[in-house]
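Colleague: Got a sequence here, can you build the structure:
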Amino acid sequence: MAATQEEKIPVRTTTPRQLRDTPVDVKLVLSALWIAMLFVFAYVDIFGFYRADILDAALDGKVATTALMINQMFLTGALIYILIPSVMAVLALVLRPRVNRMTNVVVSLLYSLTIVYFCRGETWVYYLVGSAVEVVLLLAIARTAWKWPPPQIAPSRS
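Modeller: The predicted structure follows:
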């Protein structure tokens, strides 16, 4: 009896599993963009220490390709330059929307300009690509902040 009956193999039809896309709060997006920009920023600088010209200049107390000397003033200025976007990662999460929006737009656009300025005369591709990514991330910050969604208006009870 078992030999005459066809074995029934269960047919399993699957549909792709549907996943719910959850909206991400604009504050989290801004903070994540600042953090990503800082990672690229850090790695571009770290990779610079594989360059002989940068290492040689640093050992001589100078910043390669510039007339700047590495001293207390330079290092303090460099620290402040890095602290601002570092703090922006936190401020993007805690500032009120109106202040948050304008702060993110202004700071990201100013940093975009400084990064483009520091690319003058640079010939190393890694530096130019890293700087381009930084600028794209900073412009994404400006755009995200600029397009901040308006508050939802509760329906009126009539």
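Colleague: Any idea how far stretch 110-120 is from the middle of the chain?
Modeller: With C-alpha atoms, centre = their mean, to the nearest Å as the basis, stretch 110-120 stands 15 Å off its chain's centre.
Colleague: pLDDT of that stretch, averaged?
Modeller: Stretch 110-120 carries an average pLDDT of 96.
Colleague: Give the buried residues for it.
Modeller: Taking 16 or more other C-beta atoms under 10 Å as the basis for neighbour counts, the residues of stretch 110-120 that come out buried are 111, 112, 115. Using the backbone N, CA and C atoms, a C-beta is placed for each residue, glycine as well.
Colleague: Then stretch 139-156?
Modeller: In terms of neighbour count (16+ other C-beta under 10 Å), stretch 139-156 has its buried residues at 140, 141, 142, 144, 145, 148.
Colleague: pLDDT check: weakest of those residues?
Modeller: Here the lowest pLDDT out of the buried residues of stretch 139-156 sits on residue 148, with 95.
Colleague: That one - nearest residue in space that isn't next to it in sequence?
Modeller: Of all residues beyond its chain neighbours, the one nearest residue 148 is residue 101 (4.7 Å), with distances taken as C-beta to C-beta, 6 or more residues apart in numbering.
Colleague: Go ahead and confirm the one you found touches residue 145.
Modeller: Yes: between residue 101 and residue 145 a contact is recorded at 4.8 Å, counting by C-beta atoms under 8 Å.
Colleague: Dump the buried residues of stretch 110-120 to JSON lines, plus secondary structure.
Modeller: Converted to JSON lines, these look like this (DSSP: H, G, I helix; E, B strand; the rest coil):
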{"residue": "111", "secondary structure": "helix"}
{"residue": "112", "secondary structure": "helix"}
{"residue": "115", "secondary structure": "helix"}
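Colleague: Now do the strands in this protein.
Modeller: Counting by DSSP state E, the chain forms no strands at all.
Colleague: could you measure the residue nearest to residue 100 when sequence neighbours are not counted against residue 53, distance?
Modeller: Excluding the flanking residues, the one nearest residue 100 by C-beta to C-beta, 6+ apart is residue 92, at 6.4 Å. According to C-beta to C-beta, to the nearest Å, residue 92 and residue 53 sit 36 Å apart.
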